[in-house]
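>>> Sharing a model that was predicted from the sequence below.
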Amino acid sequence: MFPEWLNKGFVNLFKPFINLFAKARVKANWLTTAGFIFGLGAGLLFATNHFFWGGLVALLSAICDAIDGSLARLSGNVTKFGMFYDSVLDRYSELAMFIGLSYFYSTKAMWLQALLTDLALVGSLMVSYTRARAEGLGEDCKVGIMERPERIAVIITGTVFTGIFTSVTHNDKWHVIFTAALWILAVFTNVTAIQRILHVRNRTKGQNLPS
């Protein structure tokens with residue numbers, strides 16, 4: 001999990017844009033929608049072997065996701081639906097990236113990478129599901145070593161460097177870079193889901209539901 005100072009520092013980089021958007025009466029949900037569209041674009045670029053550009057478009061998606069909440073607070077327009085809309089589109093955006101990557105590696109018969117992508121996708125879903133299910137039971141569950149910002153950072157870093165080296169050398173062997181990123185995602189997303197299961201188990205120990 002990234003420390004809070006790093007998350008705030010990243011958002012502060014875009015404070016002038018947030019202020020500009022607030023003055024221009026840009027809605028936070030518009031940024032959320034833009035982030036979703038960028039996520040779909042990144043998935044399409046990954047599927048068609050444009051890893052470098054896909055990584056940059058994924059970065060745009062991440063920026064929209066990072067600042068939409070700040071814009072909503074600055075505009076005094078924080079709503080329950082906005083939070084729900086943001087969470088749902090974030091999941092769709094991330095899944096689009098994983099599906100694009102899985103499609104690319106499947107068409108190239110790079111089965112290890114395709115399998116790791118699918119395992120990372122499952123882990124990502126379970127990280128979100130365990131938190132949502134815990135909060136449905138009234139338990140806070142913001143724990144774990146690989147939440148969405150960390151996952152997106154690994155995807156962006158891995159795809160950008162893979163794109164640079166494969167483009168310069170015209171050699172697919174540099175997908176070894178993103179293979180390493182996939183190992184990190186496949187292992188640590190599922191570790192995070194397990195951390196959340198154990199967290200809720202400890203928090204609810206001895207609590208019985210009324211019969």
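Received, thanks.
>>> So which bits of the strand or helix carrying Ala153 are buried?
Element membership for Ala153 (DSSP states H and E) is helix 148-169. Neighbour counts using 16 or more other CB atoms under 10 Å place 148-163, 165-166 of helix 148-169 among the buried residues. C-beta coordinates here come from the backbone N, C-alpha and C atoms, glycine included.
>>> got it, and stretch 180-189?
Ala181, Leu182, Ile184, Leu185, Ala186, Phe188, Thr189.
>>> what residues does that stretch touch?
For stretch 180-189, the surrounding residues in contact (CB atoms under 8 Å, 6 or more residues apart in numbering) are 113, 116-117, 119-120, 122-124, 126-127, 145-146, 150-151, 154-155, 157-159.
>>> Looking at His50 now. What's its pLDDT?
Looking at His50, its pLDDT reads 97.
>>> make that Val187, sorry
Val187 is given a pLDDT of 98.
>>> related to what we said a few turns ago, just how off-centre is the helix holding Ala153 within its chain?
Averaging C-alpha positions (CA atoms, centre = their mean, to the nearest Å) puts helix 148-169 14 Å from its chain's average.
>>> average pLDDT for it?
Mean predicted confidence for helix 148-169 is 96.
>>> helix or strand right after that helix?
Downstream of helix 148-169, the next assigned helix or strand under DSSP H and E is helix 175-204.
>>> by how many degrees do that next one and helix 148-169 diverge?
Angle, helix 175-204 to helix 148-169, by axes from the mean of the first three to the mean of the last three CA atoms, to 10 degrees: 170 degrees.
>>> Surely Val200 and Lys142 touch.
No: using CB atoms under 8 Å, Val200 is not in contact with Lys142, being 11.9 Å away.
>>> quick one: which of the two has more around it?
Neighbour count, other CB atoms under 10 Å: between Val200 and Lys142, Val200 has more, with 20 against 11.
>>> ok, for that one, nearest residue in space, not its chain neighbours?
Ala134 (4.8 Å; CB to CB, 6 or more residues apart in numbering).
>>> Sketch out the helices for the chain, chain order is fine.
Here the chain has its helices, by DSSP state H, at 4-12, 15-23, 28-47, 51-74, 80-107, 111-136, 148-169, 175-204.
>>> hmm, who's touching stretch 13-32?
Taking CB under 8 Å, 6+ apart as the rule, stretch 13-32 contacts 11, 63-72, 74-75, 77, 82, 85-86, 89.
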